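Asks: Give me a 3D structure for the following:
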Amino acid sequence: MPATRRLNRQQLETLPVTVLRGVGPKLQLKLAGLGINSVADVLFHLPLRYQDRTRVTPIHQLKTGVDAVIEGEIQSVRVEFGRRRSLACIVRDESGFVTLRFFHFSVAQQRTLEQADRIRCYGEVRRGRNGPELYHPEYQVLKEDQHGAMDTCLTPIYPSTEGLHQASWRSLTEHALVLLDRGDLRELLPSQLPGARTPLASALRFLHRPPPDAPVEQVLAGEHPFQKRLATEELLAHHLALLRLRARRREHQAIPLPRPDALTQQFLASLPFTPTGAQQRVADEIFTDLAAALPMLRLVQGDVGSGKTLVAALAALASIGHGQQVALMAPTELLAEQHPRTFSEWLAPLDIDVAHLSGRTGAAKRKEILARLASGEIAIVVGTHALFQNDVIFKSLALVIIDEQHRFGVHQRLSLSEKGQSHQRTPHQLIMTATPIPRTLAMTAYADLDYSVIDELPPGRSPVNTSVIGSGRRQQVIDGVARACSEGRQVYWVCTLIDESDVLQAQAAEAVTAELRAQLSEFNIDMVHGRVNPRERADIMQRFKDGTIQLLVATTVIEVGVDVPNASLMVIENAERLGLAQLHQLRGRVGRGKIASHCILMYQPPLSLMGRERLEAMRETHDGFVLAERDLALRGPGEVLGTRQTGTLNLRFADLDRDRELLQEVRDIADIVFREHPDCVEPLLDRWMPDRERYARA
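Replies: Take a look at the predicted model:
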């Protein structure tokens, strides 16, 4: 394209990336893999972070984990032999010493450093045996008394892929910015809205190349107005996608299911307890939704032990009472086994059968269940992923209940819902999670759903005292387990592994079981994990619940759905490997009775900074919503929601923790744009969410 030609307003969004210097077929293919096909796509491929190479940091001010530029005299260069051979270069300035360490080096590199006087380098500071160290820093050898020119602006660091280096990104964006100066991008925010006050082109230029006078600390923290401008637009696009999804769902019809008062009263009268006020309030909200001809789309959050299962049972009665069917989907075999037992116990006085369908259901039993589902004889079925299979056919599925919804891929949830789409009717959906979701996430990831919170625990729950103990005190922990068992209490010992495979988890559980049986032979010890036969696992869990098993070794399969009031001690091994939500879920298995309960978080030192913060948070609070907010700050939304693989929330630039104060404004702007400027919706989605079709129908 001629350099002097002026571009039309929308041309950058259709101009192929191949017009940029250096983009041939191979690079074009790599860029396409990142969703970058046009010059506009390059401009919206924004830096993840920035490096501050504009100033030299005195060595005594270096902070572990922080990138820095240092400059000084080379004191010595030597090859060291430890666990790994390395080249160590000691650098000194007026304030102290730092070690530059290279694990991969050449003889020529060693000689260059030995002959050098001064050096300037950049890298992340680490803690070494004898002080701060920089591993494989970028460096520039300086002659004596020479001071090379420092960078005049922050250095952008772009999200990338294999074979695409930062220098390539800087070259691509440099040329794209030249084209931006000669052309323009569409301003998609209506001019009267607050977010449109900052010109888009100005924000992009600034974010790709912060000028020398940019407020460094503000930019590094992501707090600059230009950064807020782009974060607002991206969050707006996500919110608009959910508003459009909600509007499309509201075009469907559902079978109205008014509250069956007689059946509900009969059910409540048969229970050995009274529902809490929060359970009654949430149940009323669900009954109101179900009575409408529009499909219910409600998320129910509740902390561990708050009683979501009872609310689900009440919702199921509304469907069953009108001759319709219910499918309850659980994420694990253990939970899929627990729910039918609980529901059968509660619904037996009403003469309602509950079926259980899983991948391990025998062929003959499966055939019988499928036939009874197709005929409508079975009113409620509980299962795992087996409910998605093509041969599972319902006569009239009016309600889908999804437990621990974030563990399912969006296509799985969709396929189950589609099984009830007959006669142009869509099933109601009740989505439950015992993983408290921070308000910031709920406002963003679930804007298409109504949501309720069960914010009250049943009476009688005892607080759980939480201790954090290093693995060096393992014998002390085992002695404590022995005391608890001697006093008639029951104990969980949870094994965790970084690798989620059933095989490795089983091996870990078996090794720990053998160790504990050798030391605590006077007690009845058993184990459960993902590879134990379902019947055997159900038998073990029942014997643990009955009290004949005193110590249960388990993997994280017991995270949800297990209720043994006499279990008052839990040991979680390698607790530093788990997120706060999972630790909180596991801890919720104890403290269900009147006995004082304890949870021991045993870790393998040394702890990382994030690991230490997680375990300290567990010790400080039992509030699941407080822990959820901490988890969001530590790990990010994809980890908290469990959606790294499913793409349900994939923000490219905005940060839900950093930008939480924008969320209410974004919601207000989204409502205005959706109502009054519908022509802006699709372009915004194209700009920020090109892969949205992966979950637009979930």
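
Asks: Can you give me every residue that contacts the closest residue to Arg372 other than its chain neighbours?
Replies: Leaving out its chain neighbours, the residue that sits closest to Arg372 by CB to CB, 6 or more residues apart in numbering is Ile378, at 4.5 Å. For every residue, glycine as well, the C-beta is placed using N, CA and C. Ile378 is in contact with Gln325, Asp353, Ala355, Ile369, Arg372, counting by CB atoms under 8 Å, 6 or more residues apart in numbering.

Asks: next one: Leu263
Replies: By CB under 8 Å, 6+ apart, Leu263 lies in contact with Leu317, Ile320, Gly321, Leu350.

Asks: same deal with Leu317?
Replies: When contacts are counted by CB under 8 Å, 6+ apart, Leu317 is found next to Pro260, Leu263, Thr264, Phe267.

Asks: and with 6 Å instead?
Replies: Leu317 makes contact with Leu263, Thr264, Phe267, according to CB atoms under 6 Å, 6 or more residues apart in numbering.

Asks: Among the residues you listed, name the ones in helices.
Replies: Leu263, Thr264, Phe267 (DSSP state H).

Asks: returning to that earlier point: buried subset of the contacts of Leu263, written for ChimeraX?
Replies: Of these, the buried ones can be selected in ChimeraX as follows, counting by 16 or more other CB atoms under 10 Å:
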select :317,320,321
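
Asks: Next one: Leu580 relative to Val562, how far apart?
Replies: Leu580 sits 19 Å away from Val562, taking CB to CB, to the nearest Å as the criterion.

Asks: What does Val382 show for phi and psi?
Replies: The phi and psi values for Val382, taken as degrees, to the nearest 10, are phi -110, psi 140.

Asks: Repeat that for Ile157.
Replies: For Ile157, the backbone dihedrals (degrees, to the nearest 10) come out as phi -120, psi 120.

Asks: Verify the stated contact: it with Arg49.
Replies: Yes. Look at Ile157 against Arg49 with CB atoms under 6 Å: they come within range, at 5.1 Å.

Asks: any idea which helix or strand comes after the helix or strand containing Ala32?
Replies: Here Ala32, judged by DSSP states H and E, is contained in helix 25-33. As assigned by DSSP H and E, the chain's next helix or strand after helix 25-33 is helix 39-43.

Asks: With just CA atoms, put that following helix into PDB.
Replies: Only the C-alpha atoms of helix 39-43 are listed here, as PDB (Å, rounded to 0.1, in the frame of the first residue of the first chain):
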ATOM      1  CA  VAL A  39      -4.100  -4.400  11.000                       C
ATOM      2  CA  ALA A  40      -6.800  -3.500  13.500                       C
ATOM      3  CA  ASP A  41      -6.300  -6.900  15.200                       C
ATOM      4  CA  VAL A  42      -2.600  -6.000  15.600                       C
ATOM      5  CA  LEU A  43      -3.600  -2.700  17.200                       C
END
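
Asks: got the contact list for Glu333?
Replies: Taking CB under 6 Å, 6+ apart as the criterion, Glu333 is in contact with Ser358.

Asks: now do 7 Å
Replies: Taking CB atoms under 7 Å, 6 or more residues apart in numbering, we find Glu333 in contact with Ser358, Thr384, Pro534.

Asks: Check which residues of stretch 489-498 are buried.
Replies: For stretch 489-498, the neighbour count (16+ other CB under 10 Å) marks Arg489, Gln490, Val491, Tyr492, Trp493, Val494, Cys495, Thr496, Leu497 as buried.
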